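Chemist: Here you go, sequence then predicted model.
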Amino acid sequence: MPTDFDAIENKSVPTPTSTDIVKGKSEAAAKSESTHRVSAIRAQNVGKWFGEGDARTMAVNGVSFDLYFGEMLFIVGPSGSGKTTLLSIISGILKPNEGSVIVKGQDLWQLSKDDLADFRLNTIGFVFQDYHLFPRLTTAENVAIPLILKKNKWGDAITEAKKYLDIVGLKERVDIVPVKLSGGEQQRVAIARAMVSHPSILILDEPTASLDGDTGRKILAFVHDQILNEKTCILIVTHDTRIFEFADRIMYMEDGKITGFDKAAI
Ligand SMILES: Nc1ncnc2c1ncn2[C@@H]1O[C@H](COP(=O)(O)OP(=O)(O)OP(=O)(O)O)[C@@H](O)[C@H]1O
């Protein structure tokens, strides 16, 4: 039986023309064009450094931006520009030294430890670059983990996990361990695990880094079509120019700072 993923696999994705991408948009310009949009995440003057004195590295330096519901925003920049540090801060993993992160109207870093843990479980779906799948668990068990953490019964969680594995085209792979899957299949398991608890903010760190161009594009098309709606948004860190066509906006970083925005297809 064809799955949703098969349908997307067979769908052609239009290649953008040079006029689809407007270089050098300022954040203010991008913002004013998005004023009708609701902010899911608002980062305000976020700063994070490591070390002290001469050894201090300013990983993120005065970063302010909005991620709006209904959009797919890419963060792009050279190695060491602060992308992963910024992702960790806005997903509640790493506390900034300065600034604030407002998520759905709440100041993330003013939350109690328990509320922060709830936020990570209920609001954010995070897909790590190297998938972070548990090697001894089956694919269905891996996908069920967020539901188990949310105190669902084991049997119910596995049933729901299998539903999501079906959605990502892995119905026949529910009972095998991740090492027996290809890189693209493992990526889809990680995406199914991020989707299973219906996060309103999905964050993907280098989702196509270990995939061939065709598989990478299919996965991006899949995530875009399955998840993106007016109650969700997607943030992607990537170096992969082959997938830029999927971005609504591209935010460029260098030396911990935002250097500009491109608008692809708002
Ligand atoms: N835990 C840490 N301790 C010390 N320095 C760190 C730490 N984490 C990051 N840094 C430094 O902060 C800067 C930004 O790192 P970060 O990993 O955020 O960059 P990045 O843009 O994600 O890089 P890459 O694309 O290579 O993953 C770098 O100079 C890095 O060496």
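Modeler: Received, thanks. Everything quoted here is computed from the prediction, not taken from an experiment.

Chemist: What's the local residue count around the closest residue to Val101 other than its chain neighbours?
Modeler: Spatial nearest neighbour of Val101, chain neighbours left out: Leu108 (4.4 Å); criterion: C-beta to C-beta, 6 or more residues apart in numbering. Every C-beta, even on glycine, is put in place using the N, C-alpha and C of the backbone. Neighbour count of Leu108, defined by other C-beta atoms under 10 Å: 23.

Chemist: mind listing what Ala117 touches?
Modeler: Contact analysis of Ala117 by C-beta atoms under 8 Å, 6 or more residues apart in numbering lists nothing.

Chemist: so how far is Leu149 from it?
Modeler: Distance from Ala117 to Leu149, counting by C-beta to C-beta, to the nearest Å: 9 Å.

Chemist: Same question for Ser79.
Modeler: 33 Å.

Chemist: When these two are compared, which one has more neighbours?
Modeler: Using other C-beta under 10 Å, the more surrounded residue of Ser79 and Leu149 is Leu149, with 14 against 7.

Chemist: For the stretch 51-200 of the chain, what lies in contact range of the ligand?
Modeler: Within reach of the ligand by C-beta under 6 Å from any ligand atom, the stretch 51-200 of the chain has these residues: Thr57, Ala59, Gly77, Ser79, Gly80, Ser81, Gly82, Lys83, Thr84, Thr85.

Chemist: can you list those in JSON lines and add secondary structure and pLDDT?
Modeler: Output for these, formatted as JSON lines (DSSP: H, G, I helix; E, B strand; the rest coil; pLDDT from 0 to 100):
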{"residue": "Thr57", "secondary structure": "strand", "pLDDT": "94"}
{"residue": "Ala59", "secondary structure": "strand", "pLDDT": "97"}
{"residue": "Gly77", "secondary structure": "coil", "pLDDT": "94"}
{"residue": "Ser79", "secondary structure": "coil", "pLDDT": "92"}
{"residue": "Gly80", "secondary structure": "coil", "pLDDT": "93"}
{"residue": "Ser81", "secondary structure": "coil", "pLDDT": "95"}
{"residue": "Gly82", "secondary structure": "coil", "pLDDT": "96"}
{"residue": "Lys83", "secondary structure": "helix", "pLDDT": "95"}
{"residue": "Thr84", "secondary structure": "helix", "pLDDT": "91"}
{"residue": "Thr85", "secondary structure": "helix", "pLDDT": "94"}
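
Chemist: Go ahead and produce CSV holding the CA coordinates of the strand or helix carrying Leu147.
Modeler: Assessed by DSSP states H and E, Leu147 sits inside helix 139-149. Extracted as CSV, the C-alpha positions of helix 139-149 are listed here (Å, rounded to 0.1, in the frame of the first residue of the first chain):
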residue,chain,number,x,y,z
THR,A,139,12.4,1.4,15.5
ALA,A,140,8.8,1.3,17.0
GLU,A,141,10.3,1.5,20.5
ASN,A,142,12.5,4.4,19.5
VAL,A,143,9.5,6.3,18.2
ALA,A,144,7.4,5.4,21.2
ILE,A,145,9.8,7.0,23.7
PRO,A,146,8.3,10.5,23.9
LEU,A,147,4.9,8.9,24.5
ILE,A,148,6.2,6.7,27.2
LEU,A,149,7.8,9.8,28.8
